[in-house]
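J.: Just to be clear, the model below is a prediction. Sequence and coordinates:
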Amino acid sequence: MRVLPAILCVLALAACREEAKAPEPVRMTQDAIGHFCQMNLLEHPGPKAQVHLEGLPGMPLFFSQVRDAIAYQRMPEQSHAITAIYVQDVGTVPSWDAPGQDHWIAAEEAYYVLGSDRTGGMGAPETVPFAEEAAARDYIAAHGGEVLRLAQIPDQAVLAPVADGLLSRAEDDADFSDRLRKLSNERKN
């Protein structure tokens, strides 16, 4: 007879505990700022991402590149558990240059194109998401790359620094310094 009360208690506790439901995606506004870059997202091309954190309902972190959101997911430094990640479906956005404020799909359901000739909003190689595998394959025909699921994306593809961009900046800095020296010398003469 003692088993029956124990079973009833377990069933009552199970009924009280709701399944944790992922939060819905949030529409980007004109004020949406990228978590890493701190820049207005709607001013940059390419698909965006949003990461929802436990304890911060309705206030996702936005990312100017999908690659950055995946990197954030894989870094151990987060202060809150991730409850959902959404990415923009490039197969339904109006254009690469102006993907809009919506078109969100769950990151784990997307098909990603890695290694295409397109760069994201911050100029780094982009991890391009699609809701449909056929749309991803059509994109590859035009822009190159390969189709992977979220779990298949190598850490190196999202966590490694982008050497070309850093080299270009260093060259730009050296060019700027040379031009500044030249101007200074011209003023002295």
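T.: Everything's here; your move. Numbers count the residues shown, from 1 in each chain.

J.: shaky segments in this protein?
T.: Along the chain, segments meeting pLDDT under 70 span 1-20, 38, 163-189.

J.: Try it again at 80.
T.: 1-20, 33-41, 77-79, 121, 162-189 (pLDDT under 80).

J.: in it, which strand has the most residues?
T.: strand 82-88 (DSSP state E).

J.: So what are the sheet partners of that one and their directions?
T.: strand 49-53 (antiparallel), strand 104-106 (antiparallel) (DSSP bridges).

J.: Output those strands in TSV, with mean neighbour count and distance to W96 appended to each entry.
T.: C-beta coordinates here come from the backbone N, C-alpha and C atoms, glycine included. Shown next, in TSV, are these (neighbours: other Cβ atoms under 10 Å; distance: least, Cβ to Cβ, whole Å):
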stretch	mean neighbour count	distance to W96
strand 49-53	23	15
strand 104-106	20	17
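
J.: Same list as before, those that is, but in JSON lines and with distance to R67 included.
T.: Shown next, in JSON lines, are the strands paired with strand 82-88 (distance: least, Cβ to Cβ, whole Å):
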{"stretch": "strand 49-53", "distance to R67": "9"}
{"stretch": "strand 104-106", "distance to R67": "16"}
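
J.: Ok, which of those strands comes nearest Q156?
T.: strand 49-53 (18.9 Å; Cβ to Cβ).

J.: And the helix or strand following the closest one, what does it pack against?
T.: Downstream of strand 49-53, the next assigned helix or strand under DSSP states H and E is strand 61-63. The contact analysis (3 or more Cβ pairs under 8 Å, 6 or more residues apart in numbering; DSSP states H and E) places strand 61-63 against strand 49-53, helix 66-74.

J.: Quick one: residues contacting the residue most central in space within the chain.
T.: Centroid-nearest residue in the chain, with Cα atoms, centre = their mean: V66, separated by 2.5 Å. V66 makes contacts with 46-49, 87-88, 112, 120, 126-129, as judged by Cβ atoms under 8 Å, 6 or more residues apart in numbering.
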